[in-house]
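J.: With the input below, show me the fold.
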Amino acid sequence: MRIAIYGTGGVGGYFGGRLAEAGEDVTFIARGEHLAAIQRDGLSVKSVAGDFHIAEAQATDDPATVGKVDCVIMAVKAWQVAEAIDAMRPMIGPDTFVVPLENGVEAADQVAAALGDQHAVGGLCGILAYRAAPGHIVHAGVDPFVRFGERDNRSSDRLETLKAAFERARGVQAEIPEDINVAIWSKFLFICAMSGIGAITRMPIGVSRQLPQTRQMIEQILDEIARVARARGVALPDSAVQRALKFIDALPASGTASMQRDIMDGRPSELESQNGAVVRLGEECGVATPVNALVHAALLPQELAARGETPPT
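T.: Numbering: from 1, shown residues only. Down below sits the predicted model:
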């Protein structure tokens, strides 16, 4: 397959690197010093599943030079999705499909709205990875997995082909779930709750899940998300909230979410795509989300400041 990785950070660098290591035709879209290092020295990945190096990594900052590809794996921050979709247009041919691996539940809808339904599939991933230095990715934990599916859950040759490509790669588990929407919202449950509670407490998950007051907030955040999902027709099982809470309880006590880290570092974050999305989507389907609304409102002033959008005083 001809595959473009749009966003060569921890997620895109790891999964794209594994595909390239397995012999797939992979082009990385990167920028600045990271791009220069990849073009000069290749892409290096230090991984708990085995280190590797792609010496002749194909990389560019100009999608127009890539040509049409079979698949674009989009691995940018959720707030960068709209910009990424617009920039990748030169790589989109009649049969190209885009697999979003962002946190959140709206990326596939954004792809469909901008490029057409036929180009959008649902996707998610699990990994703890980050860019340590230009040209260098670190996979620090979590057994890496990718899950993707047609938005109507029909079977398709194109996704079977992508699954086979991932299965040829080492250090990745690939799956086509029976219901991709359930899979996406199931991940969203715990990542949104962990992000929200971490961002407002500025504490690792081990503290927030133990303190009765903040544990109750986690449970309320989870319950609101589940009710919004079901109101939108997502067939979440009755056990979804408890399963998400069990996952949170199993995380390392020192764990923090990327949204929390971005907010604590004063960077733009995925607030609008996580707790903000719960509030917005809840309003659309008539589901009250008071705890998520509180989290969103409490963090909004800093988010606006990080984006240079603070209202005048």
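J.: Now do the end-to-end distance for stretch 248-264.
T.: 20 Å (Cα to Cα, to the nearest Å).
J.: what comes up buried for that stretch?
T.: Using 16 or more other Cβ atoms under 10 Å as the burial criterion, the residues of stretch 248-264 that qualify are Ile248, Leu251, Gly255, Thr256, Ala257, Ser258, Met259, Gln260, Asp262, Ile263. The way it works is simple: take the backbone N, C-alpha and C, and place the C-beta from them, glycine included.
J.: Distance of Arg168 relative to Glu160?
T.: From Arg168 across to Glu160, the span is 13 Å (Cβ to Cβ, to the nearest Å).
J.: ditto for Ala4
T.: Counting by Cβ to Cβ, the gap from Ala4 to Glu160 is 20 Å.
J.: Look at the two and report which has more neighbours.
T.: Ala4 (28 against 11; other Cβ atoms under 10 Å).
J.: okay, now the domains of the chain?
T.: Per the record, the chain has its domains at 2-178, 181-306, by automatic domain parsing.
J.: mean confidence for the last one?
T.: Okay, so that is domain 181-306. On average, the pLDDT along domain 181-306 is 96.
J.: now the longest one
T.: When the per-residue pLDDT values of domain 2-178 are averaged, the result is 96.
J.: Show the end-to-end separation of it, please.
T.: 26 Å.
J.: can you give me how far it is from the chain middle?
T.: 11 Å (Cα atoms, centre = their mean, to the nearest Å).
J.: tell me the contacts of the nearest residue to Ala55 once chain neighbours are set aside?
T.: Leaving out its chain neighbours, the residue that sits closest to Ala55 by Cβ to Cβ, 6 or more residues apart in numbering is Gly42, at 4.3 Å. Going by Cβ atoms under 8 Å, 6 or more residues apart in numbering, Gly42 touches His53, Ile54, Ala55, Glu56, Ala57, Gly135.
J.: Then Leu236?
T.: Applying Cβ under 8 Å, 6+ apart, the residues contacting Leu236 are Val182, Trp185, Ser186, Ala226, Ala229, Arg230.
J.: how about 10 Å then?
T.: Counting by Cβ atoms under 10 Å, 6 or more residues apart in numbering, Leu236 touches 179, 181-182, 185-186, 189, 225-230, 243-244.
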